[in-house]
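**Student:** turn this into a structure:
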Amino acid sequence: VSEYGQLLIIPTDQETEETKIFLDIEAKVDYEDKENEEGLLGLAFHPKYKENGQFFIHYTAKEPPHTAVISRMRVSKNDPIQADPASEEVLLTYKHPFWNRKGGNLLFGPDGYLYIVFGDGGSANDPHSNGQNLNTLLGKVLRIDIDRKEGSKAYAIPKDNPFVGKAGALPEIRN
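**Tutor:** Sure thing, here's the model as predicted:
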């Protein structure tokens, strides 16, 4: 994963020096060397990637600035080592108040759900106390079901997430 907006395939053969570009979304990813906590930050392959060709990315968008994007993408139907940039399905976007402390990790748990790590929104010492506020996704680990859709969301909320149905708390929050 390159923060500039590329996913690269690096050969395991140490004699080979050439990498291949699996995905290039540099035109839509915001990355600046002086604000180096943005960019393409995370990648997770669907547990059934071999069957469905789906993978997920976490990046900061150029527009609107400081906005985290979680997207589902698919491998190209014509080339198994090339992603299809036109396949992007945005699952979730979330505005951060500052350029730094974005988090970025994406991974699938043993339960098959996608876990997303959002930083606290930036600056220093969490000035908006986002880490303690259950009404924001900032400073949290989220858990979503990407194999189902619920209402207007492009994903579903696992029923056993700890804040489902609790007033003043967002149900995506795992901890």
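**Student:** could you report the neighbour count for Pro162?
**Tutor:** Neighbour count of Pro162, defined by other Cβ atoms under 10 Å: 12. Heads up, the C-betas are built off the backbone N, CA and C, glycines and all.
**Student:** find the helix or strand that it is a member of.
**Tutor:** Here Pro162 sits in a region with no helix or strand, counting by DSSP states H and E.
**Student:** quick one: residues contacting it.
**Tutor:** Applying Cβ atoms under 8 Å, 6 or more residues apart in numbering to Pro162 gives the contacts 173-175.
**Student:** straight-line length of stretch 160-171, end to end?
**Tutor:** End-to-end span of stretch 160-171 (Cα to Cα, to the nearest Å): 10 Å.
**Student:** can you pull the buried residues of it?
**Tutor:** 161, 163, 170-171 (16 or more other Cβ atoms under 10 Å).
**Student:** pretty sure Gln54 contacts Ser71?
**Tutor:** No - with contact defined as Cβ atoms under 8 Å, Gln54 and Ser71 do not form a contacting pair (10.6 Å).
**Student:** between the buried residues of stretch 160-171, which sits nearest Glu3?
**Tutor:** Leu170 (27.2 Å; Cβ to Cβ).
**Student:** picking up where we left off before, filter the contacts of Pro162 down to the buried ones and hand me the ChimeraX line.
**Tutor:** Typed into ChimeraX, the line below selects the buried ones among the contacts of Pro162, using 16+ other Cβ under 10 Å:
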select :173,174
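**Student:** please narrow the contacts of Pro162 to those residing in strands.
**Tutor:** Among the contacts of Pro162, no member falls in strands (criterion: DSSP state E).
**Student:** and which of the contacts of Pro162 is nearest Thr19?
**Tutor:** Nearest member of those to Thr19, counting by Cβ to Cβ, is Arg174, at 34.1 Å.
**Student:** now do the same contact list for the closest residue to the closest one other than its chain neighbours.
**Tutor:** Leaving aside its chain neighbours, Arg174 sits nearest to Arg143 (3.9 Å; criterion: Cβ to Cβ, 6 or more residues apart in numbering). Residues near Arg143 by Cβ under 8 Å, 6+ apart: 109, 113-116, 158, 161, 172, 174.
**Student:** and Arg143, how far from Leu170?
**Tutor:** Separation of Arg143 from Leu170 (Cβ to Cβ, to the nearest Å): 11 Å.
**Student:** ok, now which ones touch Asp120?
**Tutor:** 101, 126, 128, 130-131, 138-139.
**Student:** if we go to 10 Å?
**Tutor:** Shown in contact with Asp120 (Cβ atoms under 10 Å, 6 or more residues apart in numbering): 96-98, 100-103, 126-133, 136, 138-140.
**Student:** just the buried ones among those residues, please.
**Tutor:** 96, 98, 100-103, 126, 128, 130, 133, 136, 138-140.
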